[in-house]
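Enquirer: A structural model of the following input is requested.
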Amino acid sequence: MQFEERNEEPVQLFRFNGYTVGRDIIKHMKMIIMISVAAMLLMYAYLAYTYAETYTMTTTFTVVSASTENDAYTNIQSASTTATSFQTILSNSVVQEAVAKAAGMDSIPGTVTTSLVENTNLMTLSVTESSPKMTYAVMNAILDNYSSVSDKVLGSVIMTILDQSDIPTQPDAAFAPANAMVKMFIIVFCLMLVIVAFGSTFQDAIRAENEVEKKIDTKRLGTLYHEKKYKTFTRRSKKKKRSILITDPTVSFSYSEAVRRMVSRVRNKMNHRNSKVLMVTSVLENEGKSTVAVNLALELVEEEQKVLLIDGDFRKPALYKVLQIDPKEVTDLGEVLNHKISPKNMIYQKENSNLHLLLNTVIYPNSTELLSQGLLERIIGELKREYDYIIIDCSPMALVADAEEMLNMVDNTLLVVRQHYANVRDINDAIDIINSRKEKLIGCVFNNVGGNRVSLTHGGQGYGEYGNYGYGRYHQYDHSEREGE
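Expert: Take a look at the predicted model:
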């Protein structure tokens, strides 16, 4: 497939767009919060696993030289020497055995330290153990045995107990994981924000109108800006979603005008080619193709054209929901193609309208087989004589082969491209497939656009949830063919 050379200045493949980054962050906020909470819980588990209660008891001694009791400097020096020597004594295995025996234990599991109160002749002995009872027992054992050892080792030094703390009732440090958990949550949350923003910025997707014709191989026939799903407080409080249709009086004027401009260009393209049958598709699901197809048909009806709108998305039919039609009133097109129902009276007509419908209300897993048998192509061929335009809402191209099968039945194709959604490479692959069938692509609609527009609260595209059930596995294009062009 040959495309015209473009002389435009090269577009930045990776450019920061605050709106699309913000939208991606909101889209992934649930995941970000879940990962952050998981990290916080892991921090709690780590702290709980490593936490051990300890209890400390202290005894303060005055240390004086037996020969110069009134010499303050000598007493301070003696205290310093005694603190070091006493620590060494307590580290001696013989002393430890004696203390442990006196405490009724095989060994001393905790820690015993000595320290000097600065510029004084006061020495503090600290015992830290895993329980108050054990702490008290070890301290008393040391006090009962230290004099016999100190007399032999320390010589002319007199140690007198000045103060002794009570048996500890509270651990040295309570288990308080809250601060560490909050810090972990904030760190991971911020890290995830950076990762999502980085991925959003470097995703090779269409972010702005001026990128459409520079990045993909087709013309932009219109831009539909984001339209709020909830127009009233009542709808928002009830979370009542509604389709964004130009016949809805709550839809903004700018959106309706954008649809009219888009339809005018589509109609001119089709009239120039003497075409009647148009397929509306997208690369991925949830790009808004069904709403675009319905609005396209509604606008043509307003222009006094006789229009047939066909739900060709057999894997995820949506038109009856968009138009709020009771499934019980509809004859399924899929049942006709399965030869279970006669084609007679299968067309549903909106009351007091030139809009006629061929709908599906259930999923047809064998949709590709239904389309390949040729019956739908014959039906469309016969109906072309009765209608001014036939609009077909088809399955996304990257998910199933239905759209490729339906290319043989239509005159032209309109591609819906949602802002910052499908990868540019996949969009161009879809365009190549469409144009391989006699250049049937007439252009694209840039959809659900937000951000760089003053009247952002007006106009645009909104739509409800569109799950991925029914399509099966993601259909990957063969990129090797494009790379060889």
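
Enquirer: okay, CA-based contacts and neighbour counts for the rest of this
Expert: Noted.

Enquirer: so what touches stretch 188-197?
Expert: Outside of stretch 188-197, the residues within contact range by CA atoms under 8 Å, 6 or more residues apart in numbering are 21-22, 24-25, 28, 32-33, 35-36, 39.

Enquirer: tell me where the stretch 201-350 of the chain is predicted with low confidence.
Expert: 229-241 (pLDDT under 70).

Enquirer: got the residue ranges for the helices in it?
Expert: In the stretch 201-350 of the chain, the helices defined using DSSP state H, counting those that start in this stretch lie at 209-215, 233-237, 253-272, 289-302, 319-322, 333-337.

Enquirer: and the shortest one, what does it pack against?
Expert: Using 3 or more CA pairs under 8 Å, 6 or more residues apart in numbering; DSSP states H and E as the contact criterion, the neighbours of helix 319-322 among helices and strands are helix 289-302.

Enquirer: contact partners of the helix it packs on?
Expert: By CA under 8 Å, 6+ apart, helix 289-302 touches 243-247, 259-260, 263, 280-282, 306-309, 318-319, 322, 353-355, 391-393, 416, 463.

Enquirer: quick revisit: got JSON lines for the contacts of stretch 188-197, with neighbour count, pLDDT and secondary structure too?
Expert: What follows is these, written out as JSON lines (neighbours: other CA atoms under 10 Å; pLDDT from 0 to 100; DSSP: H, G, I helix; E, B strand; the rest coil):
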{"residue": "21", "neighbour count": "19", "pLDDT": "86", "secondary structure": "helix"}
{"residue": "22", "neighbour count": "16", "pLDDT": "86", "secondary structure": "helix"}
{"residue": "24", "neighbour count": "19", "pLDDT": "85", "secondary structure": "helix"}
{"residue": "25", "neighbour count": "20", "pLDDT": "90", "secondary structure": "helix"}
{"residue": "28", "neighbour count": "14", "pLDDT": "90", "secondary structure": "coil"}
{"residue": "32", "neighbour count": "21", "pLDDT": "95", "secondary structure": "helix"}
{"residue": "33", "neighbour count": "15", "pLDDT": "96", "secondary structure": "helix"}
{"residue": "35", "neighbour count": "16", "pLDDT": "96", "secondary structure": "helix"}
{"residue": "36", "neighbour count": "23", "pLDDT": "96", "secondary structure": "helix"}
{"residue": "39", "neighbour count": "19", "pLDDT": "96", "secondary structure": "helix"}
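
Enquirer: returning to what we had before: buried only: go through the contacts of helix 289-302 for me.
Expert: 243-246, 259-260, 263, 280-282, 306-309, 318-319, 322, 354-355, 391-393, 416, 463 (16 or more other CA atoms under 10 Å).

Enquirer: what about the residues you listed, which are in strands?
Expert: Among these, the residues falling in strands (DSSP state E) are 280-282, 307-309, 355, 391-393, 416.

Enquirer: from those, pick the one nearest residue 137.
Expert: residue 282 (79.1 Å; CA to CA).

Enquirer: now that closest one: how far from residue 96?
Expert: 81 Å (CA to CA, to the nearest Å).

Enquirer: residue 385 in helix, strand or coil?
Expert: coil (DSSP: H, G, I helix; E, B strand; the rest coil).

Enquirer: quick one: the strands in the stretch 51-200 of the chain, in order.
Expert: 55-65, 111-116, 122-129, 157-164 (DSSP state E, counting those that start in this stretch).
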